[in-house]
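Q: Predicted model and sequence below, questions to follow.
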Amino acid sequence: MKRLCDKYAAKLTTQGLAAPNDPIVGGLDAELVWNRHDPRIEEFTKLFDMLSINSLVFSKPAEPYATILEFLAGRTKAAIRPEDTETRTFLHNIPICQEFTAPAMAASLKKRKAVIIPGEGIISCGTVSPEQGFVFYSSTIFACFVLFFSDHLVRLRNKTLDEEYRDTYQRVVTQLPQPHTTPPNMAGGSLSNEDSVLAAMAESGRHVVDFGLVDSFFGNISYRLNDTIYISQTGSSLDELEGCIDPCPMDGSATTGLTASSELSAHEDVYRRSNFRCILHGHPKFSVIMSMDCDKQDCPNRGACHIKCSECRTVEGIPIVPGEVGTGPTGLCNTLPPAMASSGAAIVHGHGVFAAGTTDFNEAFERLLDIENQCRKRYFTMVESYA
Ligand SMILES: [Zn+2]
């Protein structure tokens, strides 16, 4: 358990999510262990008696996230309500806990997976492994980032941006990491056997995470070799895919349907409709922000854009489609494949980017990275045009 606590504390820092040396990660098996000493652990320890949890993750976020979270928390009384897919699916909303005491934190954590404590940081818990707390922490940062930039653009357009928001935005923008512009050089050429496919998938997954093109780990990756689709398992970390890839025969005889990504049927339909060989799916932040941006006033679909948007919108030529995770009638399994088959990539509203390649992952990665950089550029161009 100590090893897991150390692992996720280190991951928070290396992924730029937590202030250096700040994460506190605790886990309980035979006894309760922590990654490091800190006076606040006394209060956190009480949470293990108050909640049915086996692990806890806490940290002050790295910049610019700390500035964003403090700002949003300062303007919200009870909870922050982002509208991206991850929040809809996993977090619902993000409560603000004004008191750094175990009873107050426990009350919020009973209802939600992650909680912001202004002036302190984000706290989240797990019932199986510290990995869960890490994921919820990371999703919280992603959701707040998307909300902050989306709301800024809306207010700028509607001329309702106040001084405080403008100042905070300026501070956040100067602290944004520079975008990656050069794609990695990955195993190239057509992949002809299972071993090379598995190795190439693991390699590309690590780069998707390293390049910041997915938060926590909710993306997925697949490759079509003859009539078998190799796909990352649901909930697997893209930077640790070894042993977490399922082969799924396209004749439907797969027995791995339960562990394979929930988006398997969407991937499969893309392959049926096209000559593509591989698909990368990430949640790059500016692509998600731009997918949710709409200047239509009084749209009847507002509030349900992620399911109902009927406009054929694009960002720099890449189609934006509505669609929920999964295979229901409003699922992205219906909207994504036709868009992907014709454009090689698509952005799912409020969710993320799917990019395909015809031979190896280099082409798909380049598409994914390019779409995110185009969206980032477009965001700042729009901000300038409204200013
Ligand atoms: Zn996704």
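A: Received it, and whenever you're ready, just let me know what you need. Residues are numbered from 1 along each chain as shown.
Q: Go ahead and confirm residue 98 touches residue 107.
A: No - with contact defined as C-beta atoms under 8 Å, residue 98 does not reach residue 107; the gap is 11.2 Å. Backbone N, C-alpha and C define where each C-beta goes, glycine included.
Q: Okay, residue 191 and residue 31: tell me how far apart.
A: Going from residue 191 to residue 31 by C-beta to C-beta, to the nearest Å gives 46 Å.
Q: Neighbour count for the two, which is higher?
A: For residue 191 and residue 31, the more surrounded residue by other C-beta atoms under 10 Å is residue 191, and the numbers stand at 23 against 7.
Q: Not counting its neighbours along the chain, what's nearest the more buried one?
A: residue 197 (4.8 Å; C-beta to C-beta, 6 or more residues apart in numbering).
Q: pretty sure that neighbour is touching residue 230, no?
A: Yes - the pair residue 197 / residue 230 is scored as a contact, 5.3 Å apart, by C-beta under 8 Å.
Q: Between the two, which contacts overlap?
A: Both residue 197 and residue 230 are in contact with residue 223, where contact means C-beta atoms under 8 Å, 6 or more residues apart in numbering.
Q: related to what we said a few turns ago, going by secondary structure, the residue nearest to residue 191 is in what exactly?
A: Secondary structure from DSSP states H and E places residue 197 in helix 194-210.
Q: Which residues outside that helix are in contact with it?
A: The contact list for helix 194-210 (C-beta under 8 Å, 6+ apart) reads 15, 184, 186-187, 191, 214, 217, 219, 221-223, 225, 230, 232, 237-242, 245, 247, 280, 282, 360-361, 364-365, 368.
Q: so where is the stretch 1-150 of the chain shaky, pLDDT-wise?
A: In the predicted model, the stretch 1-150 of the chain carries pLDDT under 70 at residues 85-91.
Q: Could you work out the end-to-end span of stretch 123-139 for me?
A: 12 Å (C-alpha to C-alpha, to the nearest Å).
Q: which parts of that stretch are buried?
A: By 16 or more other C-beta atoms under 10 Å, the buried positions in stretch 123-139 come out as 123-126, 130-139.
Q: Looking at those residues, point me to the pair that's furthest apart.
A: Farthest pair in those (C-beta to C-beta) is 123 and 131. Separation: 15.7 Å.
Q: quick one, what contacts residue 250?
A: By C-beta under 8 Å, 6+ apart, the neighbours of residue 250 are 224, 227-229, 268, 271-272.
Q: Including secondary structure, distance to residue 81 and pLDDT, could those go into TSV?
A: Below are these laid out as TSV (DSSP: H, G, I helix; E, B strand; the rest coil; distance: C-beta to C-beta, whole Å; pLDDT from 0 to 100):
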residue	secondary structure	distance to residue 81	pLDDT
224	strand	39	95
227	coil	44	92
228	strand	42	94
229	strand	36	94
268	helix	34	92
271	helix	37	95
272	helix	38	93
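Q: Pull the most distant pair out of those residues.
A: The span of the contacts of residue 250, defined through C-beta to C-beta, is set by 228 and 272 at 13.4 Å.
Q: quick one: which of these two has more around it?
A: Per other C-beta under 10 Å, whichever of residue 228 and residue 272 has more neighbours is residue 228, with 17 against 11.
Q: Now do the contacts for the more buried one.
A: Per C-beta under 8 Å, 6+ apart, neighbours of residue 228: 247-250.
Q: which among those gets closest to residue 338?
A: Lowest distance from residue 338 to those (C-beta to C-beta) belongs to residue 250, with 18.2 Å.
Q: Next one: the closest one relative to residue 271, how far apart?
A: Taking C-beta to C-beta as the measure, residue 250 falls 7 Å from residue 271.
Q: who touches both of these two?
A: Counting by C-beta under 8 Å, 6+ apart, the contacts common to residue 250 and residue 271 are 224, 229.
Q: in the stretch 1-150 of the chain, which spans are helices?
A: Using DSSP state H, counting those that start in this stretch, the helices of the stretch 1-150 of the chain run over 2-14, 41-50, 65-74, 85-86, 102-111, 130-157.
Q: Looking at those helices, spot the one closest to residue 328.
A: Minimum separation from residue 328 across the helices of the stretch 1-150 of the chain (C-beta to C-beta) falls at helix 85-86, 13.8 Å.
Q: could you show me where the helices are in the stretch 251-387 of the chain, in order?
A: 264-273, 285-292, 305-308, 332-343, 361-386.
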